[in-house]
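Novice: Provided below for reference: sequence and predicted model.
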Amino acid sequence: MLRRLIPALFAASFLAGCGYPGTPPALPLATSPAPQTTLAAQNEIRTPVTILVSIDGFRTDYLERGVTPNLSRLAKEGVTGPMRPSFPSKTYPNHWTLVTGLRPDRHGITANMMEDPARPGEVFTMATDDPFWWNAAPPIWVTAEQAGVRTASMFWPGSTVAWGGTRATEWPNTLTGGVRPSDWQAFSQQMPGENRVRQVIDWMRRPADIRPQFVTTYFDVVDTEGHRGGPDSAGVQTALAEVDRQIGELVSELAELGQPANLIIVSDHGMAATSSERVVPLDQIVAATDARIVEAGPYATFAPLPGREAAVASALLKSHPHMECWRKENIPARFHYGRNTRIPPFLCLAADGWELMKTAPAQSYTRGNHGFDPMAPSMSALFIANGPAFARGQTLRAFDNVAVAPLLRTLLRLPADPKLDGTDAVFRPVLQNR
């Protein structure tokens, strides 16, 4: 049984004594119960919960910048290692991979924006919650709920979807069936990170019979600032310190409650510096009369117009500076991408730091983006695991993010699923008290 408290990361003297000059210090451990904690709650022997935290756009090497004392300590005192995102290294495909254990080609969320031949005229966006787009693979909270494990989501892409349900054709706002976490909140970028932490802690204050055993939460500010000014911007530094402070609050509040937790802190992808000086204008390569550009950015996808497939192939399938192009069925096997019907017939991938745009930019800019080759160091994603289930002070070799959902299954004592694209094998040497 996983029954001991989060280890020495909760030691008050250690937490209080560490900090980085000029950066927010690591939060000290509260040594007494919160004022509203009842005597019964104080005396309760709590079993560990599993909390999955996403910090969108947190590149692995951000930990080395000296502005994340809480995260850095969790990594140093727990398990960490570089994690490779799945292709495309975009937000929704990778968040769904993290909770399903399948690559985008199999779980169906193949892009942040996509189309499906079965729904002509419709476009999936990051606001889409119609189960049709999501039903190819159950997320971990659905599997858990069906096994009697209570779950809650303080934001996660796809967590508002009634998974397995259907939307009535005649009444598009009406859903039939489907499973969600027992508790969930629709995403609002306006909700401060502190409030997100507070909600998680409020769930932990509940009586044991209605307390979630698995929780997700999500922070977007690092990704937002990375896009705005690039990974080396002052805005990213500020955002890193802000999220680190909120993670510190989460750890401290859990300690006050005496709630042991296995914290799994991840990101969906990294961030690369881009600029108007590194752009491939696609209208100079493929005529608008030959193809429709479905997506553009670090990669671009093309849907040939009727009768123009040969012309599109002729334009794309040759050597180009700063990008490489393929028919979907010929995308290199290492990307595990190209079989799903939602992927357009042609894909081009930019060199790291370059962007494929419909036209040349009208104004100069310096910013950041993601969606590049998952093997690029700039795309490497954060992974930290800390809690009673994990050994201390361990660094893993680089691994694919399809391993995270199998790890969550192990922590929640759900059966392994051999149909997934990953296993928890990379974590077995650092798991204890299984």
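Specialist: Nice, I can see it. Computed from a prediction, not measured in an experiment: that's the story for all the values here. Numbering: from 1, shown residues only.
Novice: confidence score at the most far-flung residue of the chain relative to its centre?
Specialist: Computed with CA atoms, centre = their mean, the maximum C-alpha offset from the centroid of the chain is found at residue 307, amounting to 39.1 Å. At residue 307 the predicted local distance difference test score is 98.
Novice: what about it, which helix or strand?
Specialist: In the assignment (DSSP states H and E), residue 307 maps to no helix and no strand.
Novice: And for residue 93?
Specialist: Element membership for residue 93, per DSSP H and E: helix 91-100.
Novice: That helix packs against which elements?
Specialist: Applying 3 or more CB pairs under 8 Å, 6 or more residues apart in numbering; DSSP states H and E, one finds that helix 91-100 contacts strand 49-55, helix 104-107, helix 140-146, helix 404-411. Just so you know, the C-beta spots here come from the backbone N, C-alpha and C atoms, and that holds for glycine as well.
Novice: Which of the ones you listed sits closest to residue 337?
Specialist: When those are ranked by distance to residue 337, counting by CB to CB, first place goes to helix 104-107 at 5.0 Å.
Novice: Residue 358 and residue 302, how far apart?
Specialist: If you measure residue 358 against residue 302 using CB to CB, to the nearest Å, the figure is 11 Å.
Novice: What segments of this protein are helices?
Specialist: 12-16, 39-43, 69-77, 91-100, 104-107, 131-134, 140-146, 193-204, 221-229, 234-257, 309-316, 404-411 (DSSP state H).
Novice: per-stretch mean pLDDT over those, give me the minimum one.
Specialist: Sorting the helices of the chain by mean pLDDT places helix 12-16 lowest, at a mean of 30.
Novice: between the helices and strands packed on helix 91-100, which one is nearest to residue 163?
Specialist: Nearest to residue 163 among the helices and strands packed on helix 91-100 is helix 140-146; the distance by CB to CB comes to 4.9 Å.
Novice: from the middle of its chain, how far away would that closest one be?
Specialist: Mean-position distance between helix 140-146 and its chain equals 18 Å (CA atoms, centre = their mean, to the nearest Å).
Novice: I'd assumed residue 52 was in contact with residue 141.
Specialist: No - no contact is recorded between residue 141 and residue 52 when judged using CB atoms under 8 Å, the distance being 9.5 Å.
Novice: Among the two, which residue is more densely surrounded?
Specialist: Counted by other CB atoms under 10 Å, residue 141 and residue 52 do not tie: residue 141 has more neighbours, with 30 against 25.
Novice: quick one: the more buried one from residue 182, how far?
Specialist: Per CB to CB, residue 141 is found 9 Å from residue 182.
Novice: Now for these two: what residues contact both?
Specialist: Residues within reach of residue 141 and of residue 182 at once, by CB atoms under 8 Å, 6 or more residues apart in numbering, are residue 151.
Novice: Tell me how many other residues surround residue 70.
Specialist: 25.
Novice: Excluding chain neighbours, give the residue nearest to it in space.
Specialist: For residue 70, the nearest residue in space outside its immediate sequence neighbours is residue 248; the separation is 3.7 Å by CB to CB, 6 or more residues apart in numbering.
Novice: Is that neighbour in contact with residue 72, as I believe?
Specialist: No - no contact is recorded between residue 248 and residue 72 when judged using CB under 8 Å, the distance being 10.8 Å.
Novice: Between these two, point out the one with more neighbours.
Specialist: Set side by side, residue 248 and residue 72 show unequal neighbour counts under other CB under 10 Å, the larger going to residue 248 at 24 against 21.
Novice: residues shared between the contacts of residue 141 and residue 52?
Specialist: 99, 214, 216.
Novice: and the first one, how far is that from residue 181?
Specialist: In other words, residue 99. Separation of residue 99 from residue 181 (CB to CB): 11 Å.
Novice: which neighbours do these two share?
Specialist: With contacts defined as CB under 8 Å, 6+ apart, the residues adjacent to both residue 99 and residue 181 are 141, 216.
Novice: Quick check: residue 329 touching residue 338?
Specialist: Yes - distance between residue 329 and residue 338: 5.8 Å, which falls inside the contact criterion (CB under 8 Å).
Novice: and those two? which has more neighbours close in?
Specialist: Regarding residue 329 and residue 338, a neighbour count based on other CB under 10 Å identifies residue 338 as having more, with 19 against 9.
Novice: mind listing what the residue lying closest to residue 46 once chain neighbours are set aside touches?
Specialist: Excluding the flanking residues, the one nearest residue 46 by CB to CB, 6+ apart is residue 259, at 5.2 Å. Shown here is residue 259, whose contacts under the criterion CB under 8 Å, 6+ apart are 46, 49, 204.
Novice: can you check residue 369 too?
Specialist: With CB under 8 Å, 6+ apart as the criterion, the residues that contact residue 369 are 227, 271-272, 274, 297-298, 355.
Novice: between these, which is nearest residue 147?
Specialist: Closest approach to residue 147 among the contacts of residue 369 (CB to CB): residue 271, at 36.1 Å.
Novice: Can you report how many residues lie near the nearest residue to that closest one once chain neighbours are set aside?
Specialist: Once its chain neighbours are removed from consideration, residue 271 has its nearest residue in residue 226; the separation is 3.9 Å (CB to CB, 6+ apart). Taking other CB under 10 Å as the criterion, the count of residues near residue 226 is 30.
Novice: what's residue 226 in contact with, if anything?
Specialist: Residues in contact with residue 226 (CB under 8 Å, 6+ apart) are 57, 59, 233, 236, 239, 271, 368, 370.
Novice: Among those residues, which ones are in strands?
Specialist: Secondary structure assignment by DSSP state E places residue 368 of those in strands.
Novice: Including distance to residue 253 and neighbour count, could the contacts of residue 226 go into a markdown table?
Specialist: Below are the contacts of residue 226 laid out as a markdown table (distance: CB to CB, whole Å; neighbours: other CB atoms under 10 Å):
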| residue | distance to residue 253 | neighbour count |
| --- | --- | --- |
| 57 | 25 | 29 |
| 59 | 27 | 27 |
| 233 | 30 | 19 |
| 236 | 26 | 28 |
| 239 | 21 | 26 |
| 271 | 29 | 29 |
| 368 | 32 | 26 |
| 370 | 31 | 31 |
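Novice: Identify the contacts common to residue 358 and residue 302.
Specialist: When contacts are counted by CB under 8 Å, 6+ apart, residue 358 and residue 302 are jointly contacted by residue 293.
Novice: out of the two, which sits in the busier spot?
Specialist: Neighbours were counted for residue 358 and for residue 302 using other CB under 10 Å; residue 302 has more, 27 against 12.
Novice: from memory the more buried one sits against residue 316, does it?
Specialist: Yes - under the criterion of CB under 8 Å, residue 302 is in contact with residue 316, at a separation of 7.1 Å.
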